[in-house]
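Participant: following is a predicted model, sequence given first.
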Amino acid sequence: MRFRKILALVILIGMVCLASCKKSDAERYVAYEKEQLQKGVVQDSLFLGLYFGMSKKEFRDYCFEKNIEKKFWQGGRKNTGWVESKIKGMEYPAAINFYPSFTNDTITEMNASIYYDGARYKDGIFESDSLLLDVLQLMDHWYGGETFKVKSPVFYKNDVHVHLKGNCRITISPDLGGQLVNLWYYDLKRAEKHKS
């Protein structure tokens, strides 16, 4: 009888030790980021011909050319001051709304939102997470790399997905309404360079 209690206690302690040894997705992400930066993999291409390191003038000239070609235009569902474009490769017709942040006159961050173009959510065709799943597949298709799901420390906020390839970190989070997926592209390489 006493032997069983001791054995049960040893098994319980072993299970607790094993559970505590398992890395969380956030810890695995941090290790993967460090590995990618050490390898020196460079992923400067963002989407639709935009890239990290593009100057403000190049960005404006490029958007102006694409506007003349009727591929980019001002407006969109996320922010009417941003640029919008249609995108391919998703389950339903979709658009991306975006605008960069510049450091020392070059793009080091890009804020964007992807949404189904003209979708009506009241008719029940779309599940609440179908857009998010579609965007996650699009990120894998566009960039490769790896995606991690990181639990939100705030109980009422959604968990976020973090996609990483080389120096390009993309934080992916659904908007509270569920009809937009927000993306935040961050250049880890240039951000480190500008810190020093």
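Facilitator: Arrived safely.

Participant: buried residues in whatever helix or strand D134 lives in, which are they?
Facilitator: Per DSSP states H and E: D134 is located in helix 130-143. Using 16 or more other CB atoms under 10 Å as the test for burial, helix 130-143 gives 130-132, 134-136, 138-139, 142-143. Where C-beta positions appear, they are placed from N, C-alpha and C, glycine not excepted.

Participant: of the residues you listed, closest to K39?
Facilitator: Y143 (15.3 Å; CB to CB).

Participant: and the closest one, what does it touch?
Facilitator: Each residue near Y143 by CB atoms under 8 Å, 6 or more residues apart in numbering is listed here: 43, 163, 165, 168, 170.

Participant: as TSV, the buried residues of helix 130-143 with distance to W82 and pLDDT would be great.
Facilitator: Listed next are these as TSV, based on distance: CB to CB, whole Å; pLDDT from 0 to 100:
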residue	distance to W82	pLDDT
S130	24	83
L131	18	88
L132	20	89
D134	21	91
V135	17	93
L136	22	93
L138	19	93
M139	19	92
W142	19	92
Y143	21	90
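
Participant: which among those gets closest to P93?
Facilitator: Closest to P93, out of all of the buried residues of helix 130-143 and judged by CB to CB, is D134, at 11.4 Å.

Participant: returning to what we had before: output the contacting helices and strands for whichever helix or strand comes after the helix holding D134.
Facilitator: Sequence order places strand 146-150 as the next helix or strand after helix 130-143, per DSSP H and E. Judged by 3 or more CB pairs under 8 Å, 6 or more residues apart in numbering; DSSP states H and E, the packing partners of strand 146-150 are helix 25-39, helix 130-143, strand 160-165.

Participant: just put those in JSON lines and tack on distance to W184.
Facilitator: As requested, those are exported to JSON lines (distance: least, CB to CB, whole Å):
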{"stretch": "helix 25-39", "distance to W184": "15"}
{"stretch": "helix 130-143", "distance to W184": "12"}
{"stretch": "strand 160-165", "distance to W184": "9"}
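
Participant: right, so of these, which gets closest to I68?
Facilitator: For those, the distance to I68 is smallest for helix 130-143, at 25.0 Å, taking CB to CB.

Participant: the inter-axis angle of that closest one versus strand 146-150?
Facilitator: Following axes from the mean of the first three to the mean of the last three CA atoms, to 10 degrees, one obtains 150 degrees for the angle between helix 130-143 and strand 146-150.

Participant: can I get helix 130-143 in CSV, CA atoms only?
Facilitator: Output of helix 130-143 as CSV, limited to C-alpha atoms (Å, rounded to 0.1, in the frame of the first residue of the first chain):
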residue,chain,number,x,y,z
SER,A,130,-12.4,31.1,-42.1
LEU,A,131,-10.6,34.4,-43.1
LEU,A,132,-7.9,33.8,-40.5
LEU,A,133,-7.2,30.3,-41.7
ASP,A,134,-7.2,31.5,-45.3
VAL,A,135,-4.7,34.3,-44.4
LEU,A,136,-2.4,31.8,-42.6
GLN,A,137,-2.4,29.6,-45.7
LEU,A,138,-1.6,32.7,-47.9
MET,A,139,1.4,33.6,-45.6
ASP,A,140,2.8,30.1,-46.0
HIS,A,141,2.3,30.3,-49.8
TRP,A,142,3.8,33.8,-50.1
TYR,A,143,6.8,33.3,-47.8
